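Asks: give me coordinates for this.
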Amino acid sequence: MVVETIQDNPIAVSQTLLSFALVVATVIYTYYTKAQTDEMQATREMENQPILRGNVLTFAPTLMIAEIRNTGNGAAHDVTMTISVEDIDAEPIEFTTPILSPGEDFRFPIPVNETDSMVLKMGGVKSKLEEQDSNGILTFSFECESPFGKEYSYTNDVDLYAWLENKGTLVNYEEEVKMRKALEDIESNLEDIERTMKSNNSSTSW
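Replies: You can find the predicted model right below:
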């Protein structure tokens, strides 16, 4: 019967088959176009993803400070942040900003003092940690949105005891280098004075 129908209505059957083929082709094209669009969108989001990180810096030989920075290629929107130290009575530092551009940073004191957050000296921070028997883990927690509205959460830790030990070693080394340079300068000056005195003595006529 199917054969008879095809024989009786070849044009109609051909149009039906053509329409079906067009539908199939459209479905396939739509599927691959959407997949390609989704892939391009994901690539754009990845390339423009904000990445928020916390770190500890030194801005003088014996001073330390916490820093947050957007290390990604995209701006972070509606940023909320908390900086806290485990096992310590000091209140965490909470901070919000509507936008944190790529490469932009903010700096804060280390939250170790329950009454005064402005403890910047390495020795003062270490004393506060030891007083309260803290494990010295400084935690940065962030929440933000990308320019595409995608939500991100980040958390990273810094071991303050390890940081202080490494930085203290570096500071001692730098001080040693400075002292050695100062001694070399003094020795050089003494040699210059000695040469000058010898030169003056040799040129003096009696």
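
Asks: surely Val56 forms part of a strand?
Replies: Yes: under DSSP: H, G, I helix; E, B strand; the rest coil, Val56 sits within a strand.

Asks: which ones are touching it?
Replies: Met64, Ile65, Ala66, Glu67, Ile110, Leu138, Val158, Leu160, Trp163 (C-beta atoms under 8 Å, 6 or more residues apart in numbering). C-beta: built from backbone N, CA, C; applies to glycine.

Asks: now do the last one against Pro102, distance only.
Replies: The reference is to Trp163. Using C-beta to C-beta, to the nearest Å, Trp163 is found at 25 Å from Pro102.

Asks: who has more neighbours out of the two?
Replies: With neighbours defined as other C-beta atoms under 10 Å, Trp163 and Pro102 compare such that Trp163 has more, 20 against 15.

Asks: now for the contacts of Val56: which two are most distant?
Replies: Pairwise distances across the contacts of Val56 (C-beta to C-beta) peak at 13.8 Å, for the pair Glu67 and Leu160.

Asks: the more surrounded of those two?
Replies: Leu160 (25 against 16).

Asks: let's see the pLDDT reported for the more buried one.
Replies: Residue-level confidence at Leu160 comes out at 95, pLDDT.

Asks: for the closest residue to it other than its chain neighbours, grab phi and psi.
Replies: Among residues not flanking Leu160 along the chain, Gly136 sits closest, at 4.0 Å (C-beta to C-beta, 6 or more residues apart in numbering). Dihedral angles phi and psi of Gly136 (degrees, to the nearest 10) take the values phi 70, psi 20.
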